[in-house]
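Enquirer: compute the structure for the input listed below.
(chains A and B)
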Number of protein chains: 2
Amino acid sequence: MSSGENDDEDGYRGLLENIRHLLMERRPADPLRYLQTVLDERIEQRDVRRLGSSGENLAPPGGLVKHWDAERSTFLGVDVGGSLSKITFFESNDDPDSAVAAFVKRSERYGSTGFRDPALSFEWRNGRFHFLTFETRRMEGAIEMMRANGLLKTGETLLATGGGAHKFSETIRSRLGLCVVKGDELHCLLWGINFLVQHTRDECYYFANPQRPSMLETAPFDMTQGSAFPYLLVNIGSGVSILKVDSNDSFQRVSGTMMGGGTFWGLCRLLTKCKTFEEAVELASSGDTTKLNMLVRDIYGGAYEAFGLSADTVASAFGLLGVSEEARNSVTEADIARGLLDMIAQNIAQLAYLCARKYHLTRLLFVGNFLRKNPLSMGSISFSIDYWSRGVARALFLRHEGYFGSTGAFFIADDDPVVVPRGALSEDHRTDAQDGRVGRSTNAMPTSE
Amino acid sequence: MSSGENDDEDGYRGLLENIRHLLMERRPADPLRYLQTVLDERIEQRDVRRLGSSGENLAPPGGLVKHWDAERSTFLGVDVGGSLSKITFFESNDDPDSAVAAFVKRSERYGSTGFRDPALSFEWRNGRFHFLTFETRRMEGAIEMMRANGLLKTGETLLATGGGAHKFSETIRSRLGLCVVKGDELHCLLWGINFLVQHTRDECYYFANPQRPSMLETAPFDMTQGSAFPYLLVNIGSGVSILKVDSNDSFQRVSGTMMGGGTFWGLCRLLTKCKTFEEAVELASSGDTTKLNMLVRDIYGGAYEAFGLSADTVASAFGLLGVSEEARNSVTEADIARGLLDMIAQNIAQLAYLCARKYHLTRLLFVGNFLRKNPLSMGSISFSIDYWSRGVARALFLRHEGYFGSTGAFFIADDDPVVVPRGALSEDHRTDAQDGRVGRSTNAMPTSE
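Expert: Next comes the predicted model:
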């Protein structure tokens, strides 16, 4: 026996002792599954170190709330998006004479496009959160209104994020005399989500009956119990980023796809007369996909038993249009919009499910502009996640959809590195796209063939 | 300590002894990775048994070739497809006076649409394989030609598969006096692939430089060395089926997508003036996707460093068309066809990669009508698999693409259950689609939250 073989044996013995210790201490009910998870984790950690982590440092250690609570004196966060700007405002009970608080609560409408959503407001510690929206093209007017009403004191710090934060920071600085601190869009998004899911019991919800999804049948999912981490975050903007969020301090982009909201809208502009994304989503609601999708029954005359595929399973999206002139003649713009919407949402859900499997995650959070006023796609996603995971995994959505950036802006550290999207204000749906065919995970394929 | 705890400890000790035995016997170089694979396999087997296998029995035990060799007296397999029919013919040296062999070898053209591809022909044991194609609409003429030339003797068995096998079997029976035995399309496909990859050294090939894929730079991949199994099979027809093939005897449908060749062709019929699938693929070759895809640089003005996304990464397929009137005015039908082709091929590759990860597979075989005369998509798929797997996994293609069914028909057992697609002959691209959003794997998500 060579000394190399002796080294191997020592290694095996150390590993066995390690496993024995884990089993006897943790006493898992399903030891095979438990060891599988441990090994996956160890191997991934090992590979991360080897490959160099692509994970991001999300916040200074010490916890999200402590960081914000202890160091901030201002409670206004702004997310300047391509079409809409969002404000998260925290009203402290310690400052009952606040001019901002009085102004914010005086009405639910401000100027021509601003509004406050009282249903989203909630009590927290010594105060209350409020959430406001206005159209970014009214930014000058909003600044003027704030100035005229003396809402913010000279020298105070305004925490801002979003593609437009850079563009308007000089105006805000000169007209309001505020100090503008800008934070990276993605970091603020994650801070906002992490704060909300850990500090409100009903932030997350899911479709109670995903096989027949309805906005009338949703149920809250409480992530404040136990650890919120890890979870899979699927951010659907023009494109899609899929992140594994491990803690308040760390995340990793594990996948993504170029097929997102921008794909739906781009193809709708070619195939329908719709002038806005919202109009296209609305049009889709009256569409019928059986007029363009090829079903299993169209091919096999019924179910395909060998694969356990039911007769009404979609075999090929838009497949009927390639083979049937009758289908081409009878299809409507609404059918096409619905076909695109369902195809894209279901594809995103399938990719997300496979990523979740790769990392052994069962909590999948879906966020992003694409879901705004789009219950159809939330339903499609819920259906698909339930389908692929056989009911084990859940598609979760968030009540404060759209306000994560403005809420997360509260946690901007002065030295947070900023990525400023260029031209993000030129037209809608251009802000939060990341990637397409890139975004490697840190976990390589097994190297043995 | 309760007796339940004692039972647990006994279970743990048994498991540890099992692991110790495996390590000492196999002496793996990377014990963590090795144990991970063993656990995955054990857990999957356990779950398969628990859930009821959806795996298919592919062939009687005993091996593919033995089964065919020992029991068959005829060497002609036919795959009657929606538009094309394929014939695999084995010329035995033991029968030098065969009328079929003389007829087949007399020419490379037969009738108005038939042709033989001599480049695909190969020697095997005591004879030679030949591969022929003719248009299915010429079936009557082909039957007449065979009858007139006395090519097949009355009472011989014709092995047939494909959507049209059922439709033409009565004609063949009555005019040629042949006994027609029909085999399930999918089973024949798998038999054909398994036979070819295990008995010819150069059946599989890959793009030697996947980052700049070119049909001029391919290399053979020899699957006759060691076991060919398991591998992932991605069958791209109108829809896509993703199978895990474990042996000559077993496979499992693990995933699939409704976004396949039918989706490309259906959307092309809406967006271009092309009259055939082939025309649309040809048109795509002159298209430029930068005129319709939104790139990372369009959003961030350069690379997005935080995610390691380069400036020319696609952020959103067709995304530019939603936000730029200029882009909408300048885009051509060729650009659109190319955008659809690339988007669909890359999406299939991404799903296939994630499925391969789930099952720890590094060999991915891509087959199906969609790849016929479509080197662009083979290139896209090669690029994507290389990209996502960081060069570890390979996209493999097969030289006898299109002839798997007719070759696999050799292995039809008389009692093979047949699934006959209905209406598969009505128009092209309607035959080999399976599924869309279904096709559950047998391996459930971890049940612990």
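Enquirer: can you list the domains in chain A?
Expert: Domains of chain A are assigned by the TED database as A:76-191, A:255-287+A:332-398.
Enquirer: please tabulate these in JSON lines, including the columns mean pLDDT.
Expert: Rendered in JSON lines, the data for the domains of chain A read as follows (pLDDT from 0 to 100):
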{"stretch": "domain A:76-191", "mean pLDDT": "83"}
{"stretch": "domain A:255-287+A:332-398", "mean pLDDT": "94"}
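Enquirer: export the ones you listed to TSV and tack on mean neighbour count?
Expert: All C-beta atoms are positioned from the backbone trio N, CA, C, and that covers glycine. Shown next, in TSV, are these (neighbours: other CB atoms under 10 Å in any protein chain shown):
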stretch	mean neighbour count
domain A:76-191	18
domain A:255-287+A:332-398	23
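Enquirer: nearest to residue B:27, of those?
Expert: Proximity to residue B:27 (CB to CB) singles out domain A:255-287+A:332-398 among the domains of chain A, at 28.4 Å.
Enquirer: and the end-to-end length of the closest one?
Expert: Distance between the two ends of domain A:255-287+A:332-398: 21 Å, counting by CA to CA, to the nearest Å.
Enquirer: chain B: which of the domains of chain A is closest?
Expert: Closest to chain B of the domains of chain A is domain A:255-287+A:332-398 (CB to the nearest CB; 3.0 Å).
Enquirer: ok, which stretches of the stretch 251-400 of chain A are strands?
Expert: Using DSSP state E, counting those that start in this stretch, the strands of the stretch 251-400 of chain A run over A:294-295, A:314-316, A:363-367, A:394-398.
Enquirer: residue B:182: which of those strands is closest?
Expert: strand A:314-316 (21.5 Å).
Enquirer: is chain B contacted by that closest one?
Expert: Yes. Using CB under 8 Å from any CB of the partner chain, strand A:314-316 reaches chain B at A:314-316.
Enquirer: list the neighbouring strands of that strand plus their orientation.
Expert: Paired neighbours of strand A:314-316 in the sheet (DSSP bridges): strand A:294-295 (antiparallel).
Enquirer: now the strand it pairs with, how far from the chain's geometric center?
Expert: Relative to its chain's centre, strand A:294-295 lies at 31 Å (CA atoms, centre = their mean, to the nearest Å).
Enquirer: just the mean pLDDT for it, thanks.
Expert: Mean pLDDT, strand A:294-295: 94.
Enquirer: just the helices in the stretch 251-400 of chain A please.
Expert: A:261-271, A:277-284, A:296-300, A:319-323, A:325-330, A:333-358, A:375-388 (DSSP state H, counting those that start in this stretch).
Enquirer: packing partners for the third one?
Expert: The elements that helix A:296-300 packs onto, with contact taken as 3 or more CB pairs under 8 Å, 6 or more residues apart in numbering or on different chains; DSSP states H and E, are strand A:314-316.
Enquirer: now residue A:235: how far from residue A:193?
Expert: 9 Å (CB to CB, to the nearest Å).
Enquirer: shared neighbours, these two?
Expert: residue A:367 (CB atoms under 8 Å, 6 or more residues apart in numbering or on different chains).
Enquirer: would JSON lines of the domains of chain A with distance to chain B be doable?
Expert: Shown next, in JSON lines, are those (distance: least, CB to the nearest CB, whole Å):
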{"stretch": "domain A:76-191", "distance to chain B": "6"}
{"stretch": "domain A:255-287+A:332-398", "distance to chain B": "3"}
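Enquirer: closest one to residue A:104 among the strands of the stretch 251-400 of chain A?
Expert: Nearest to residue A:104 among the strands of the stretch 251-400 of chain A is strand A:394-398 (22.2 Å), distances taken as CB to CB.
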